[in-house]
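**Q** Mind folding the following:
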Amino acid sequence: MGSSTRPNSLFLSFFFFLPLLLLLCLAPVSESATDFKALVYKGCAKQAFVDPTGVYSQALSALFGSLVSQSTKAKFFKATSGSGQTNITGLFQCRGDLSNSDCYSCVSGLPILSDKLCGKTIAARVQLYGCYLLYEVAGFVQVSGMEMLYKTCGGTNVAGSGFEERRDTAFSVLESGVVSGHGFYTTSYQSMYVLAQCEGDVGDSDCGDCVKTAVQRAQVECGSSISGQVYLHKCFISYNYYPNGAPMRSTSSPGSSSSSVSSSSPSGKSQDLLIEFPARRVDFLFANSMP
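**A** Just a heads-up that it's a prediction; the model follows:
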């Protein structure tokens with residue numbers, strides 16, 4: 001009697017826990033507290049400081065301290081440290097939907113990470129999912145704001161018709177939204193979620209042009225990929241396609257007029273569900289010499 005009851009109870013327990021197991025497997029992966037600190041790419045100049053007296057190291061340390069302290073109250077900050085030929089200019093920027101505390105948490109680890117990944121090079125850029133840090137010594141060769149620094153495309157291609165139309169419609173809304181949003185905008189449209197951000201000192205018109213260029217690069221580089229990210233020097237975009245529907249957004253901008261489009265600008269806190277691409281260490285195009 002006991003031997004027949006035990007298998008039945010195990011059988012019932014299996015069916016009791018099966019729905020819970022399926023929910024855990026099928027639920028969208030939300031952004032955890034540490035996701036925004038995951039490495040996307042790093043760029044390091046090939047030339048290191050010639051610093052026998054330690055003056056560059058002191059200037060860089062002071063710059064990092066200033067940037068980190070400002071990240072408790074600002075999403076973007078630019079500063080200069082040192083004097084004359086030892087001037088080092090740097091900046092940080094956090095994604096527009098991060099809280100001040102998350103921004104600080106993201107930025108505060110960048111100085112150590114920059115030193116670990118690049119050492120004492122004359123210029124470096126470290127991009128995490130939620131923030132980035134950039135510094136360069138006085139006289140460093142500049143690159144165009146439209147220069148593509150990094151791109152990644154999802155390994156899965158979307159089959160069937162209608163994908164490119166949805167994606168391009170979302171991109172079109174994004175291009176205009178990032179201008180009205182003054183440098184940061186997200187929107188979801190018919191299972192497509194897109195995000196764009198420009199560097200904090202870029203004007204609205206130039207921001208729109210930069211994002212438009214990034215969109216064109218994404219269309220060409222990623223084609224029918226289910227997701228992609230394109231980073232230009234002065235802006236970046238990302239897109240994700242969710243066949244079962246884009247994640248709900250917690251806020252909408254006042255300009256949203258369609259129930260099929262929801263969006264967020266810097267005035268609102270949004271809850272992003274970004275697909276994680278494998279982080280890659282990329283030595284990209286920093287100029288390798290000073291004039």
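
**Q** Would you point out which residue is most central in this structure?
**A** Residue closest to the mean C-alpha point of the chain, counted by CA atoms, centre = their mean, is Tyr129 at 3.9 Å.

**Q** Can you give the domain ranges for the protein?
**A** Listed domain ranges for the chain are 35-137, 148-264 (source: automatic domain parsing).

**Q** could you redo these as CSV and give each row mean pLDDT?
**A** Shown next, in CSV, are the domains of the chain (pLDDT from 0 to 100):
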stretch, mean pLDDT
domain 35-137, 96
domain 148-264, 85
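
**Q** Just the C-alpha atoms of stretch 59-68, please, in PDB.
**A** Provided in PDB are the C-alpha atoms of stretch 59-68 (Å, rounded to 0.1, in the frame of the first residue of the first chain):
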ATOM      1  CA  ALA A  59      47.000  64.300 -12.700                       C
ATOM      2  CA  LEU A  60      45.100  61.200 -13.800                       C
ATOM      3  CA  SER A  61      44.400  60.200 -10.200                       C
ATOM      4  CA  ALA A  62      43.000  63.700  -9.500                       C
ATOM      5  CA  LEU A  63      40.900  63.500 -12.600                       C
ATOM      6  CA  PHE A  64      39.500  60.200 -11.700                       C
ATOM      7  CA  GLY A  65      38.700  61.400  -8.200                       C
ATOM      8  CA  SER A  66      36.800  64.400  -9.600                       C
ATOM      9  CA  LEU A  67      34.800  62.300 -12.000                       C
ATOM     10  CA  VAL A  68      33.800  59.700  -9.400                       C
END
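
**Q** doesn't Cys106 make contact with Lys37?
**A** Yes - using CB atoms under 8 Å, Lys37 is in contact with Cys106, at 5.6 Å. C-beta here means a position set from N, CA and C on the backbone, and glycine is covered the same way.

**Q** So for those two, which sits in the more crowded spot?
**A** Cys106 (23 against 19; other CB atoms under 10 Å).

**Q** and Ile122, what does it touch?
**A** When contacts are counted by CB atoms under 8 Å, 6 or more residues apart in numbering, Ile122 touches Ala45, Gln47, Ala48, Phe49, Glu136, Val137, Phe140, Met290.

**Q** Now it: closest residue in space, sequence neighbours ignored.
**A** Once flanking residues are discounted, Ile122 sits nearest to Val137: 4.4 Å by CB to CB, 6 or more residues apart in numbering.

**Q** Count the residues that sit near that neighbour.
**A** Val137 has 21 nearby residues by other CB under 10 Å.

**Q** next one: Gln142
**A** Neighbours of Gln142 under the rule other CB under 10 Å: 9.

**Q** Check Leu149 too.
**A** 19.

**Q** Are we agreed that it is in a strand?
**A** Yes - according to DSSP: H, G, I helix; E, B strand; the rest coil, Leu149 belongs to a strand.

**Q** Touching, it and Lys42? I think so.
**A** No - if you go by CB under 8 Å, Leu149 and Lys42 don't touch, sitting 10.4 Å apart.

**Q** so what's in contact with these two at the same time?
**A** Common neighbours of Leu149 and Lys42 (criterion: CB under 8 Å, 6+ apart): Arg125, Gln127.

**Q** How far does stretch 108-128 stretch from one end to the other?
**A** End-to-end distance of stretch 108-128 (CA to CA, to the nearest Å): 12 Å.

**Q** show me the contacts for the residue nearest to Ile122.
**A** Phe49, Tyr56, Thr86, Asn87, Ile88, Ile122, Ala123, Met290 are the contacts of Val137 under CB under 8 Å, 6+ apart.

**Q** again, only using 10 Å
**A** Val137 makes contact with 45, 47, 49, 56, 59-60, 82, 85-89, 121-123, 290, according to CB atoms under 10 Å, 6 or more residues apart in numbering.
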